[in-house]
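Engineer: Fold the following, please.
(2 chains)
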Amino acid sequence: MGLTLHAENLSFAYPGRDAVWTNVGLTARPGRVLSILGPNGTGKSTLLLCLAGLIPTRTGRVLAGDRDLASLSRRTTARAIAMVPQTHSPVFAYRALDIVVMGRTPHLGAFASPSDADFHAARSAMETMGIQHLENVSYSETSGGERQLILFARSLAQGADILLLDEPTSHLDFGNQARTLSLIRSLADRGLTVIMTTHFPDHAFEISDQTALLARGRLQAVGATGEVLSPEALSSLYGLGVDIHRLSNGKTVCTVRREDP
Amino acid sequence: MVWSNPITRNSTALPSNRPYPRRPRPTLGSLAPWAGVAAIFCVGLAWGRYPVSVSDVLRVLGHAAGLPLDHDWPGVLDTVVMQVRLPRVLAAMLIGGGLSVAGAAFQGLFRNPLVSPYILGVASGAGFGAALGILLWNSPWVIQGSAFFFGMLAVTAAWGMSRLYRSSGPMIIILAGVVVGAFFQSLLSLVKYMADPDDKLPVIVYWLMGSLSSMTMDRLLTVCLPVGVCVLGLLLIRWQLNVLSLGDEEARTLGVEAGRLRLGVIVAVTVITASAVSVSGIIGWVGLVVPHLARMLVGPDYRRLIPASLALGACYLVLIDGLARNLTATEIPLGILTASVGAPFFAVLLGRGRTGWA
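Structural biologist: Presented below is the predicted three-dimensional model:
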């Protein structure tokens, strides 16, 4: 139980263009959350797609456990790695349960439809998320927070050991952000390997064991969150002064430094 | 483990204004549509200028199937039912069902409810092929072969173009299909322009409007196998179609080889539509609207949508072809009726119910 995701010497470029980033190496372990921070347009989402084996890298390799993703079929990869995309709306109005049971697809034969056992797995994943009452609700009519939970339930139903999250807290209100973060933390505590991209250093402080900083075409730092997220590193990452405060309740928050006139 | 603080509204008080999509139907209910198809099949055989009762139809069919029945009806009934009407009704079922399944598959594949099975240019290609066949050779077999060939060629060209641009998204092949379709449309215009206006041109125009009047058992058999195999293929992968309709990237995270599957679906749909068009001309509207009707009835889930489209499409075209044969003394082209009957019907349904897409 538990798979380590290990990437070494990755670089990525669109055909005929300069590299988006080079020499990226990181390791995510079971039971841990790894956050990837970086300014807009540095290729965080692209990196996540490469880690999921969805797009080929120019150099390097990604290992799930001891298996190179490049040598695995989509089906085998999907049994090891689940991805929660940024919330979206499908064209057709599927029931929430149908969306969740789609997570069982990598366990089905090419010509098979989900069995009762698959629906059972989907239902218990929805139960785990506390959304069993959404079962028959049309996915297109759910709120952003509910969609997030449905997609999380789908990734649980998928039964993968590695979970990749693309900005899981974007589009969510303040309360739902906090709930999603604690949800992610609990998923890691269940033994999943979690990698997420985020725009909020506070969220990395909140739940990440490890943090990676991606900027200017390379990984600026990767390591324990408390060590990587220094005021200097964040200031350099976002190009403005950042202060880090440790609060009396044990939490750590970032603020933008006030420019004195 | 249950999350103590779920990101959701109160689970005990569900708002009542939310429409609930139907659950999967029980086994007995799922047989009902097929009983409907059988009934429509008999009605199609009985309906015509020469009056035949449904019970006579059943007896003629039973006799032809080798049941021990006394042959106490006039022999002309055998000719009317078995020789004249049976090929037509079977063809209508095959083509109506095939086009509807093809349309349903394409709407999911391209994630667009406005897509018809002709979107990649197969109809324009086949129309040109048929017109060329009429102009140069005028043998039914050559016309059929030429229509099929150019229909396949048009879609292959669209696919090749999309590969050339090295874009994997579904949008580029739709655009390529539009381009190829426009090209063959202009070639078709050229052929029409050159055709003899007294002799060949009416044949071409009539062919393009679609008809099953020249259907024979032999012609039916030539398209039966390719259409049957491809419809069966789409039936088998109907769960994967669900996943693919979420988009390529998401389908791939769920373990589906999206690119390969899409190519397979395009091949199957193209073989179905090119085969259908090659024997019946261009029958529009069926492949666009029947999937929507089916979606209103059973929801968007392809596990039920594909069989429902097959059954509804078969019934729809048998009834439309019945109208085409019997409404007036001369036959009305199918392409005219499919839309003029279907459009008001669909307009009413659109106003009433859920359409099954967001």
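Engineer: Closest residue of the stretch 151-300 of chain B to chain A?
Structural biologist: B:G255 (3.1 Å; Cβ to the nearest Cβ). Backbone N, C-alpha and C define where each C-beta goes, glycine included.
Engineer: I figured that residue hits A:T77, correct?
Structural biologist: Yes - the pair B:G255 / A:T77 is scored as a contact, 7.1 Å apart, by Cβ atoms under 8 Å.
Engineer: Which residue, other than its chain neighbours, is closest to the residue nearest to the spatial centre of chain B?
Structural biologist: With distances taken as Cα atoms, centre = their mean, the residue of chain B nearest its centroid is B:L99 (1.1 Å). Nearest residue to B:L99, sequence neighbours excluded (Cβ to Cβ, 6 or more residues apart in numbering or on different chains): B:G287, at 4.0 Å.
Engineer: what about that neighbour, neighbour count?
Structural biologist: 33 (other Cβ atoms under 10 Å in any protein chain shown).
Engineer: which residues of the chain score low on pLDDT?
Structural biologist: Using chain A. A:1, A:87, A:260-261 (pLDDT under 70).
Engineer: not what I meant, chain B
Structural biologist: B:1-30, B:166-169, B:352-358.
Engineer: Tell me where it has strands.
Structural biologist: Read by DSSP state E, chain B holds no strands at all.
Engineer: show me the residues around the most centrally placed residue in chain A that make contact.
Structural biologist: The centre of chain A sits closest to A:L165, judged by Cα atoms, centre = their mean, with a distance of 1.6 Å. Counting by Cβ atoms under 8 Å, 6 or more residues apart in numbering or on different chains, A:L165 makes contact with A:83-84, A:184, A:194-197.
Engineer: That one: which element?
Structural biologist: strand A:162-166 (DSSP states H and E).
Engineer: quick one: that strand to chain centroid distance?
Structural biologist: How far strand A:162-166 lies from its chain's middle: 3 Å, per Cα atoms, centre = their mean, to the nearest Å.
Engineer: which element follows that strand toward the C-terminus?
Structural biologist: Heading C-terminal from strand A:162-166 (DSSP H and E), you reach helix A:174-189.
Engineer: how about that next one: buried residues?
Structural biologist: A:176-181, A:183-185, A:187-188 (16 or more other Cβ atoms under 10 Å in any protein chain shown).
Engineer: Can you give me the buried ones in stretch A:117-128?
Structural biologist: Result for stretch A:117-128 [16+ other Cβ under 10 Å]: buried residues A:118-119, A:121-123, A:125-126, A:128.
Engineer: What about contact with chain B: does it have any residue there?
Structural biologist: Yes - looking at stretch A:117-128 against chain B by Cβ under 8 Å from any Cβ of the partner chain, the contacts come from A:127-128.
Engineer: now swap in stretch A:193-206 and tell me
Structural biologist: No - judged by Cβ under 8 Å from any Cβ, stretch A:193-206 and chain B are separated, with a smallest distance of 13.5 Å.
Engineer: Tell me which residues of that stretch come out buried.
Structural biologist: In stretch A:193-206, counting by 16+ other Cβ under 10 Å, buried: A:193-198, A:200-206.
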